[in-house]
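Colleague: The following comprises the amino acid sequence and a computationally predicted model.
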Amino acid sequence: MGDKTMTADEAVARLRSGMTLGIGGWGSRRKPMALVRALLRSDVRDLTVVSYGGPDVGMLAAAGRIRKLVAAFVTLDSIPLEPHYRAARKRGAIELVEIDEAMFMWGLRAAANRLPFLPVRAGLGSDVMRVNPGLRTVTSPYDDGETFVAMPALRLDAALVHVNRADRLGNGQYLGPDPYFDDLFCEAADEAYVSCERIVDTTELTKEAALQTLLIRRHAVTGVVEAPGGAHFTSCVPDYGRDEAAQREYATTSWPEYADRLLDPPAKEGS
């Protein structure tokens, strides 16, 4: 439970090709982009990525790092469909498991609680069951006899998330309007790496905001990375909003050209 601080490159050096990797945030909001950029600088590939997808998925797919994607969507929010992900999908470059948003959450929750599955109503009566023939249903053992989707646990080898503040022990705090599901990503993973806008003393975490904003607890965290601007160009409210100009540039630039600029040395991250 000591000092868990490390650099983005040190965190990524602990990852291996073939892993199942969860990436927190939501669409183009509070994505751990400094960690994603470090991952792109590495030789890690053949990943199964689990994400409420945004540019994290787009970049990794364009770079040929994803073998399989488990997602409810891949969007840039103000740009509805992530273009680099779309191009990779049209090429048939990645295998896709597309599920309902609530099913995705329940899969993370099952994994976080070390359960093999959890029952959920979402998905019933939809094409989710048709396009995912491996999904099963389960009948309630009680008098209601209701049928549910048995959503399997989304177990992760590692998770990457970004928050507003953290301490050196691994406690992470969000200050924006939505926690998303970053805590579940960390708890569903064997290892979790948390980047943050600023590392502060533990006592400072409860001075800036209420106790319930301490979304991520140290027992679930392997490493902490201080990365100011580490979600850019996605939003990290209230520290900064989404950089729409930078996002448009990303969406309208060919991947080879964009990648040349993206993979500059770490000192330029968030600039």
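Modeller: Great, that's in hand. Residues are numbered from 1 along each chain as shown.
Colleague: what ranges of this structure fall below the confidence cut-off?
Modeller: The chain contains residues with pLDDT under 70 at 1, 264-271.
Colleague: change it to 50
Modeller: Within the chain, the segments meeting pLDDT under 50 span 265-271.
Colleague: now the helices: where do they sit in it?
Modeller: Under the criterion DSSP state H, the chain contains helices at 8-12, 33-41, 55-62, 83-90, 101-112, 127-131, 182-187, 202-208, 244-252, 255-262.
Colleague: Can you show me the CA trace of the fourth one as CSV?
Modeller: By that I understand helix 83-90. C-alpha atoms of helix 83-90 as CSV (Å, rounded to 0.1, in the frame of the first residue of the first chain):
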residue,chain,number,x,y,z
PRO,A,83,-14.1,7.5,-38.1
HIS,A,84,-10.8,5.5,-37.6
TYR,A,85,-12.7,2.7,-35.8
ARG,A,86,-15.2,2.7,-38.6
ALA,A,87,-12.4,2.4,-41.2
ALA,A,88,-10.8,-0.5,-39.3
ARG,A,89,-14.2,-2.2,-39.0
LYS,A,90,-14.9,-1.9,-42.7
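Colleague: what's in contact with it?
Modeller: Here helix 83-90 makes contact (CB atoms under 8 Å, 6 or more residues apart in numbering) with 53, 55, 57-59, 61-62, 66, 74, 94, 96, 250-252, 255. Glycine gets a C-beta too; all of them are placed from N, C-alpha and C.
Colleague: Can you give the distance from that helix to the centre of its chain?
Modeller: For helix 83-90, the separation from the chain centroid amounts to 18 Å (computed by CA atoms, centre = their mean, to the nearest Å).
Colleague: Next, the angle from that helix to helix 55-62.
Modeller: 40 degrees (axes from the mean of the first three to the mean of the last three CA atoms, to 10 degrees).
Colleague: same check, this time on the fifth one
Modeller: Relative orientation of helix 101-112 and helix 55-62, computed by the same axes, to 10 degrees: 90 degrees.
Colleague: List the buried residues of helix 101-112.
Modeller: 103, 104, 105, 106, 107, 108, 109, 110, 111, 112 (16 or more other CB atoms under 10 Å).
Colleague: doesn't residue 190 make contact with the last one?
Modeller: To tie it back to what came earlier, the one meant is residue 112. No - the pair residue 112 / residue 190 is not scored as a contact, 12.0 Å apart, by CB atoms under 8 Å.
Colleague: So what sits opposite the residue nearest to the spatial centre of the chain in the bridge?
Modeller: Most central in the chain under CA atoms, centre = their mean is residue 23, positioned 1.9 Å from the mean C-alpha point. Applying DSSP bridges to residue 23 yields these beta-bridge partners: residue 51, residue 160.
Colleague: tell me the contacts of residue 213?
Modeller: Neighbouring residues of residue 213 by CB under 8 Å, 6+ apart: 173, 174, 175.
Colleague: Any figure for the gap between the residue nearest to the centre of the chain and residue 11?
Modeller: Here the distance between residue 23 and residue 11 works out to 13 Å (CB to CB, to the nearest Å).
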